[in-house]
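>>> Below is the structure, and that's it, no one-letter string:
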């Protein structure tokens, strides 16, 4: 009996991969961009992610048991990003590439008003420990749920929920601390 | 969830807005993938990125040539595909074949750019 969930030949594999690529190019690019902090390296990382994914796609289909492949794809990007830093002996850039990063994707007036606050949040995200930063990117930039994030990071659902909670609280603390100290300075 | 926490999560969502990939990246990745589909499965199995000299060195020239020629991408792919057998005969191993494929794609893309 033929398993209808699995591709029957290479053309079918390629068609399935094309679908994956079209559905998740933006996810992989967004993830890469927020990981490396600049467009140039994000493009390289995105391309390498899809090259690796293509190579292992058939096996991934077989082993996924019909589950979505986005966590698998993001895990490839995650591993490549780790290699990227190791090979180049460098750490993620401290800030997101350019000031226009905020103005480019956020063009409404209300967002421009909150520009400083958003920049503080982005700076804070870059300063978080790797696992917390990644979890936040997956949740808020990619809209992944706890289960998907857990699969991408190789953790349990419960551990992922705790990780996200702590990441948000830590970031909130980092963002509010400067504001609180500014307030105190103003009172003195 | 408290309203403060909800507000902060809303801000996080705004700060981490999804980023659309640039058009030239779409062309670049698609062309690379089209050319990869030329490789037989056993060649793909044998293909180790780490064994190649540096993928960035051959992916980037091909990509650079493709920028701005999205309409010609399909044509490039078609022509590159038609020469697959010849490249295979000239290649001593899979690494050479992959490199030749990308070089071929880059040259074809450059030819199209020059004609415009």
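Received, thanks. As the structure is a computational prediction, the values presented were derived from the model and not from experiment.
>>> Distance of residue A:66 relative to residue A:60?
Note on residue A:66: its distance to residue A:60, by CB to CB, to the nearest Å, is 12 Å. Heads up, the C-betas are built off the backbone N, CA and C, glycines and all.
>>> More neighbours: the two, which one.
The residue with more neighbours, out of residue A:66 and residue A:60, is residue A:60; 16 against 9, by other CB atoms under 10 Å in any protein chain shown.
>>> so the more buried one touches residue A:72, yeah?
Yes - with contact defined as CB atoms under 8 Å, residue A:60 reaches residue A:72; the gap is 5.3 Å.
>>> list residues touching both of the two?
Jointly contacting residue A:60 and residue A:72 under the rule CB atoms under 8 Å, 6 or more residues apart in numbering or on different chains are residue A:53.
>>> Where in chain B is the helix or strand with the lowest mean pLDDT?
helix B:55-66 (a mean of 42; mean pLDDT, DSSP states H and E).
>>> For residue A:144, which three-state class applies?
At residue A:144, secondary structure determined by DSSP: H, G, I helix; E, B strand; the rest coil is coil.
>>> for the chain, what are the low-confidence residue spans?
Let's take chain A. Counting by pLDDT under 70, the ranges of chain A that qualify are A:1-8, A:86-114, A:178-188.
>>> nope, chain B
Those would be B:1-4, B:35-85, B:87-88, B:93-95, B:98-99, B:101-103, B:105-116, if you go by pLDDT under 70 across chain B.
>>> Which helix or which strand is home to residue A:82?
helix A:70-88 (DSSP states H and E).
>>> Could you name the helices and strands sitting against that helix?
helix A:10-36, helix A:39-64, helix A:146-153 (3 or more CB pairs under 8 Å, 6 or more residues apart in numbering or on different chains; DSSP states H and E).
>>> Dump those helices into JSON lines; add distance to chain B as well.
Converted to JSON lines, those look like this (distance: least, CB to the nearest CB, whole Å):
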{"stretch": "helix A:10-36", "distance to chain B": "4"}
{"stretch": "helix A:39-64", "distance to chain B": "5"}
{"stretch": "helix A:146-153", "distance to chain B": "14"}
